[in-house]
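[1] okay, sequence plus prediction incoming.
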Amino acid sequence: MDTTDFETYLFGKVQKGDIVMVEYPSVYPVEEFSWGLLIPMLVDRGVVVIGDFFGVGDLMFRNYIRRISGREYSKIIEIIKKIKIVKVGPGSASYGEVIEEVVPVYDSHGFFKNYHMVVNRMANCPAKPDYVLTFGLAQYIRFGGDEAMKAILTSISTIPMEDWIGIHFVNVDILSPEHLAMLEEVSSIVFYISKEGLIIKKEGEAFATGGG
């Protein structure tokens, strides 16, 4: 994959406080993009915290490491030593260091309480995060429906994450069009990645990633 355009755009345009969505269809092996490309880029540039809902990030990580060997495997093992994890709900976290565990709730009050606790935890870390990624956000919204979506919007509008960049991997096949539209509306930049390449849905620009 030719990553020059993507890397230039991401690190040239995205600012702290921005919400970035990376949408993908369920049949696309997004672990190749997330663990094979994006996360190594981010770790080279700052502190990375991953919010892992229901162990989706862990499953993607396991899928990725099954397909690599040699130098790639050694590199990813070094990378995960630098990653912090906020674990949301059941599921494993076989990569990084778990700094917080949260029981998933779907009402606005309960979600806001958890969100406030996690934001405070990250803000008070010796090394504050530069990037906060999430895996499994679409699954959380699917399970919780409108209440979960309302809880997310209430929390991020009350306590915006201005100290770091949020990057959220979202499986578009899981969400209703309305819930997806709500997430896109509050995002600064929306990428869509598939076997055809990577496009920028929000900003009106597009570029091909090439093969690989």
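    Perfect, I can see it now.
[2] pLDDT-wise, which helix or strand of the protein ranks last?
    Comparing every helix and strand of the chain by mean pLDDT, DSSP states H and E singles out helix 4-13 as the least confident one, with a mean of 82.
[3] tell me which residues in that helix are buried?
    Applying a neighbour-count criterion of 16 or more other C-beta atoms under 10 Å, one finds 5, 6, 9, 10 buried in helix 4-13. Yep, even glycine has a C-beta here, placed from its N, CA and C like the rest.
[4] adding distance to residue 147, write those residues out as TSV.
    Listed next are these as TSV, based on distance: C-beta to C-beta, whole Å:
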residue	distance to residue 147
5	39
6	35
9	35
10	32
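[5] of these, which is the nearest to residue 82?
    Proximity of these to residue 82, judged by C-beta to C-beta, is greatest for residue 10, which lies at 19.0 Å.
[6] residues contacting the closest one?
    The contact partners of residue 10, taken as C-beta atoms under 8 Å, 6 or more residues apart in numbering, are 20, 41.
[7] equivalent analysis for the one 3 residues further on, please.
    When the contact criterion is C-beta under 8 Å, 6+ apart, the partners of residue 13 are residue 189.
[8] same thing with residue 127?
    residue 47.
[9] need the contact partners of whichever helix in the chain runs longest.
    Ranked by number of residues, the top helix in the chain under DSSP state H is helix 137-158. Residues from elsewhere that reach helix 137-158 (C-beta under 8 Å, 6+ apart): 19, 51, 53-54, 56, 88-89, 104-108, 110-112, 115-116, 168-172, 174-175, 179, 182, 186.
[10] kindly give a single PyMOL line that selects the buried subset of the residues you listed.
    Selecting in PyMOL just the buried members of these, where the criterion is 16+ other C-beta under 10 Å, is done with this command:
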select buried, resi 19+51+53+54+56+88+89+104+105+106+108+111+112+115+168+169+170+171+172+174+175+179+182
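[11] now, the contacts of helix 137-158 that are in helices?
    When the contacts of helix 137-158 are checked against helices (DSSP H), the matches are 56, 108, 110, 111, 112, 115, 116, 179, 182, 186.
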